[in-house]
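Participant: the sequence and its predicted three-dimensional model are supplied below.
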Amino acid sequence: MRMDKSYSQSFEITGNNFVDAGKAATEVKMILKQIGINSDIIRRVAIASYEAEMNVVMYAKRASMNIEISQEKIKIVVADEGPGIQNIELAMKEGYSTATTEMREMGFGAGMGLPNIKRNADHLKIESEVGKGTKVEFVIELIKHRAESIEQ
Amino acid sequence: MQDDFRSIKIEKEKCQGRMACLRVCPTQAIRVRHKKATILKDRCIDCGECVRACPNKAILPQTSSFSDFSKFKYTVAIPSPDLYYQFGKDVLPSTILAGLKKIGFNDAHDVACPSEAVSIALQELLDSNDLPRPLISPFCPAIVRLLQVRYPNLLDNLVPIESPMEIAAREAKREKMEELGLKENEIGAIYLTPCPAKTVAIKNPPRKKHSFIDGAIPISEIYPTLLQALTHITPESEHEKQVRGIGLGWPIVGGQASSLKREDCLAIAGINDVIRIFEEIENGKLKDIRYIECHTCPTACVGGSLNVENPYIARGKVLRLLEKYGSKPCQPREKIRELYQKKYFSLPGKIPASPAEPLDDDIQVAINKMKKKQEVYNLLPKIDCGACGAPTCMTFAEDVVKGNAAADDCVFVAIKKFESISSDLLETILKHSRKVRHNENLS
């Protein structure tokens, strides 16, 4: 059997639970800090995973967030049970949002969620089925980053 | 000065390992091993919570005492404005400054007025657009240290402006050099401090620049002598000379933020609330906030562990004094603006990150240790009893994988191990006794 060289952990996210919103992203950060991941990478992961978590809190019933860390990359998969996204291309546009007035008054729903994930991740994949749910998967490369910082 | 200078020290002889410190430390920097507490320097942020909590008074702030300053020709006391609020409500700042001269300092220099100047400098700074959002106040040294240890990403959000105590000391020295023809190193500027954290800002400033302050004495230490001296001082009748301005409000929660006269400022006090806010900022939130005043102590500086007066009573005195003298500025605003333009308040240089040690320097090894840590954690009772000497089961699991503790230092793990050993033993004994009986029957 091949020795698994990555670390993974899952977190449950509950829809409409605004009190605990952000907890999964905070836990993810704590893990990365202990592993000694570069703080610039942590900032990117924090923003992307927070946005992904908030999407679940605002729109879905529940989701699991799975993080997998290896020497090469950090991969985060958020799979939810929820309404799904009608038009992914439109949802990726900055400023586009289906948030309610209440959500906007709370400071959410600026239409920056998915675009912010895209901006901070190296790869982003979204699969969605209307009425069933959405799977957001993004990767932040570690090796590429290390090479870049050596070049500088 | 040593890089790892921390503001608190544990006196081993006095420590009885009673774990009060272990439970209050907000950064899990304390371990109790062999009945003695130790501080993990890479995690300590100098907040002083343990100093307050220790039932044996075994944790002491690393401050100076009066005799340390005999080498100076001339001494100036730089009292934190908290000192103004430690005495009866009718004792005014000018009387307290006079009292300091009576107990042995050659002079005393007010810090409330420089605080007002810093407020005005901040107003100017916040109007410029090229700085990160939200900006974080740099005046509580334990907050700066918390950022270095846990939120290095947010170090750029710290306001690059000098603290009022440094400005006061710089001014006091300049004045005395001119007035008395002394050299800088002949004048000792001594800060009267409300907390241990300020001593780190003096002895080991995070930006590695020279401090104009030569040492710090706890307010609680000079309090008895000063109290006595105050009874012999006739209060000054002329109110023209009274200490005044918005700087008087700096020691309480919201004192800085409200002096900025903007709606987009927040004031946060108490380390756990500050941590919660920092997590949010790290997640990319609070971009519409311009400035956050942050304090480690829940009642801000009047609640510092080296003060004497109850922080809520002190707060009442601050509000009273602010009402009376707060609206009259102590310096013309134009003069401060001019100084600001000349970079009188700026603090050049970056504050280095100093993250708490990861599980390992090699990422793959750290990942493996993280897995191992989770395995160890699963064996633990998750009740954070502290009996192992670590504050939580999670920190204990971390200590085990780092090689600083053994899994059976946990009593629950040890009991399980003992149970399995003893049941093995019992089985062996029974087997042998059956064999013996069997043999006896045969013979």
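Facilitator: Cool, the structure landed. It should be emphasised that the depicted structure is a prediction, and the values quoted were computed from it without experimental measurement.

Participant: only C-alpha atoms for contact and neighbour calcs from this point on.
Facilitator: Fine.

Participant: just how off-centre is the longest helix seen in chain A within its chain?
Facilitator: Longest helix of chain A, by residue count under DSSP state H: helix A:39-59. Relative to the centre of its chain, helix A:39-59 is centred 5 Å away, using CA atoms, centre = their mean, to the nearest Å.

Participant: helices or strands next to that helix in the packing?
Facilitator: Helices and strands touching helix A:39-59, by 3 or more CA pairs under 8 Å, 6 or more residues apart in numbering or on different chains; DSSP states H and E, are strand A:7-14, helix A:23-35, strand A:62-69, strand A:73-81, helix A:113-120, strand A:133-141, helix B:271-282.

Participant: need the residue closest to the centroid of chain A.
Facilitator: By CA atoms, centre = their mean, chain A has its centre lying nearest to A:Ser49, at 3.0 Å.

Participant: quick check: that residue touching A:Glu27?
Facilitator: No - in this structure A:Ser49 lies outside contact range of A:Glu27 using CA atoms under 8 Å: 10.4 Å.

Participant: state the distance from B:Ala197 to B:Leu146.
Facilitator: From B:Ala197 across to B:Leu146, the span is 11 Å (CA to CA, to the nearest Å).

Participant: now do the shared contacts for those two.
Facilitator: B:Ile45 (CA atoms under 8 Å, 6 or more residues apart in numbering or on different chains).

Participant: so who does B:Glu13 touch?
Facilitator: By CA under 8 Å, 6+ apart, B:Glu13 lies in contact with B:Ala58.

Participant: quick check: pLDDT value at it.
Facilitator: Among the per-residue scores, B:Glu13 holds a pLDDT of 95.

Participant: can you check the one 4 residues further on too?
Facilitator: Reported pLDDT at B:Gly17 in the predicted model: 94.

Participant: and the gap between it and B:Asn310?
Facilitator: With CA to CA as the criterion, B:Gly17 and B:Asn310 are 28 Å apart.

Participant: which one's more surrounded, those two?
Facilitator: Remark: of B:Gly17 and B:Asn310, B:Gly17 carries more neighbours, 21 against 12, as counted by other CA atoms under 10 Å in any protein chain shown.

Participant: ok, now which ones touch that one?
Facilitator: By CA under 8 Å, 6+ apart, the contact set of B:Gly17 is B:32, B:35-37.

Participant: what's the most distant pair in those?
Facilitator: Among those, the pair separated by the greatest distance (CA to CA) is B:Lys35 and B:Ala37, at 6.8 Å.

Participant: which residues do these two both contact?
Facilitator: Common contacts of B:Lys35 and B:Ala37, defined by CA under 8 Å, 6+ apart, comprise B:15, B:17.

Participant: of these two, which one has the most company?
Facilitator: Using other CA under 10 Å, the more surrounded residue of B:Lys35 and B:Ala37 is B:Ala37, with 24 against 14.

Participant: for whichever strand or helix holds that one, which outside residues touch it?
Facilitator: Here B:Ala37, judged by DSSP states H and E, is contained in strand B:36-39. Applying CA under 8 Å, 6+ apart, the external contacts of strand B:36-39 come out as B:10, B:12, B:15-17, B:19, B:22, B:29-32.

Participant: what does chain B have sitting close to chain A?
Facilitator: Listed as neighbours of chain A in chain B under the rule CA under 8 Å from any CA of the partner chain: B:152-153, B:279-280, B:282-284, B:357-361, B:363-364, B:366-368, B:370-371.

Participant: is it possible to mark the buried ones in these?
Facilitator: Using 16 or more other CA atoms under 10 Å in any protein chain shown as the burial test, the residues of chain B next to chain A include B:152-153, B:279-280, B:282-284, B:358-360, B:363-364, B:366-368, B:370-371 as buried.

Participant: contact partners for B:Pro132?
Facilitator: Residues near B:Pro132 by CA under 8 Å, 6+ apart: B:156-157.

Participant: what comes into contact with stretch A:54-70?
Facilitator: A:5-18, A:21-22, A:24, A:28, A:53, A:74-83, A:99, A:103, A:113, A:133, B:364, B:367.

Participant: buried subset of these?
Facilitator: A:6-8, A:11, A:13-16, A:21-22, A:24, A:28, A:53, A:74-83, A:113, A:133, B:364, B:367.

Participant: tell me the phi and psi of B:Cys265?
Facilitator: phi -120, psi 140 (degrees, to the nearest 10).

Participant: wait, B:Pro61
Facilitator: According to degrees, to the nearest 10, B:Pro61 has phi -70, psi 150.

Participant: could you check how far the spatially closest residue to it that is not a sequence neighbour is from B:Gly304?
Facilitator: Among residues not flanking B:Pro61 along the chain, B:Ile8 sits closest, at 4.4 Å (CA to CA, 6 or more residues apart in numbering or on different chains). Using CA to CA, we find B:Ile8 at a distance of 14 Å from B:Gly304.

Participant: shaky segments in the chain?
Facilitator: Unless you meant another one, I'm taking chain A. A:1-3, A:144-152 (pLDDT under 70).

Participant: I was thinking of chain B, sorry if that wasn't clear
Facilitator: Low-confidence segments of chain B (pLDDT under 70): B:1-4, B:235-240.

Participant: still on that earlier bit, and of the contacts of B:Gly17, the nearest to chain A?
Facilitator: B:Val32 (21.7 Å; CA to the nearest CA).

Participant: what residues are up against that closest one?
Facilitator: Listed by CA under 8 Å, 6+ apart, the contact partners of B:Val32 are B:17, B:19, B:22, B:38, B:388-390.

Participant: how does it look with 10 Å?
Facilitator: Residues in contact with B:Val32 (CA atoms under 10 Å, 6 or more residues apart in numbering or on different chains) are B:15-19, B:21-22, B:38-39, B:386-391.

Participant: in the helix or strand that contains it, what's buried?
Facilitator: Assigned by DSSP H and E, B:Val32 belongs to strand B:30-33. Within strand B:30-33, the residues scored as buried using 16+ other CA under 10 Å are B:30-32.

Participant: again with stretch B:344-354
Facilitator: Judged by neighbour count (16+ other CA under 10 Å), stretch B:344-354 contains these buried residues: B:345-346, B:351, B:353-354.

Participant: so which of those is the closest to chain A?
Facilitator: Taking CA to the nearest CA as the measure, chain A lies nearest B:Ala353 of the buried residues of stretch B:344-354, at 9.6 Å.

Participant: so that closest one sits right up against A:Asp40, yeah?
Facilitator: No - in this structure B:Ala353 lies outside contact range of A:Asp40 using CA atoms under 10 Å: 12.0 Å.

Participant: which residues do those two both contact?
Facilitator: B:152-153.

Participant: who does the strand holding B:Val32 pair up with?
Facilitator: In the sheet, strand B:30-33 lines up against strand B:36-39 (antiparallel) (DSSP bridges).

Participant: immediately after the strand it pairs with, which helix or strand?
Facilitator: With secondary structure assigned by DSSP H and E, strand B:36-39 is succeeded by helix B:49-53.

Participant: give me the contacts around that next one.
Facilitator: The contact list for helix B:49-53 (CA under 10 Å, 6+ apart) reads B:8-10, B:19-26, B:30, B:57-61, B:195-196, B:271, B:296-297, B:304-306.
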